[in-house]
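[1] Curious how this folds, go ahead:
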Amino acid sequence: GKGRSGIKFTSRYIGSMVADIHRTLLYGGVFGSPADTERPDGKLHLLYEAAPMSFIVEQAGGLSTTGEERVMEIIPQVVHQRTPVIMGSRDDVQEVIDAYAASA
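    A predicted model of the protein is given here:
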């Protein structure tokens, strides 16, 4: 489909979070591992998957969110805590955040 930018979005899945984020940093877009009914807390581990990649994406000028809050602002409760993640280029992730807010 098309977002606010008018650019047609396509789907890519390399299968490795690092490779997927690398591609997103090079070409723009969004990496998503959102919560779902099977995994309401998300799939990725906060401390050793989501937060480190979120740091890199934000340092590159992008955004990283759970859909409700910045990943980097989550205070871990347990070592293996999981979290949903949506990260990528600032405008595209903001569009996802706005869609989450509109559906709430």
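
[2] what does the lengthiest helix in the chain contact?
    Longest helix of the chain, by residue count under DSSP state H: helix 90-103. Helix 90-103 has contacts (Cβ atoms under 8 Å, 6 or more residues apart in numbering) with 3-5, 28-30, 32, 61-65, 67-68, 86-87. For the C-beta atoms, the positions are set from N, CA and C on the backbone; glycine is no exception.

[3] tell me which residues of it are tucked away?
    92-93, 96-97 (16 or more other Cβ atoms under 10 Å).

[4] closest to residue 43 among those residues?
    Comparing the buried residues of helix 90-103 against residue 43 with Cβ to Cβ places residue 96 closest, at 16.7 Å.

[5] Let me know the distance separating the closest one from residue 90.
    11 Å (Cβ to Cβ, to the nearest Å).

[6] again, but for residue 9
    Applying Cβ to Cβ to residue 9 and residue 90 gives a distance of 16 Å.

[7] residue boundaries of the strands in the protein?
    30-33, 44-45, 63-65, 82-83, 85-88 (DSSP state E).

[8] and the last one, how far from the chain's centre?
    The one in question is strand 85-88. 1 Å (Cα atoms, centre = their mean, to the nearest Å).

[9] And the first one, by the same measure?
    Centre-to-centre, strand 30-33 and its host chain are 4 Å apart (Cα atoms, centre = their mean).
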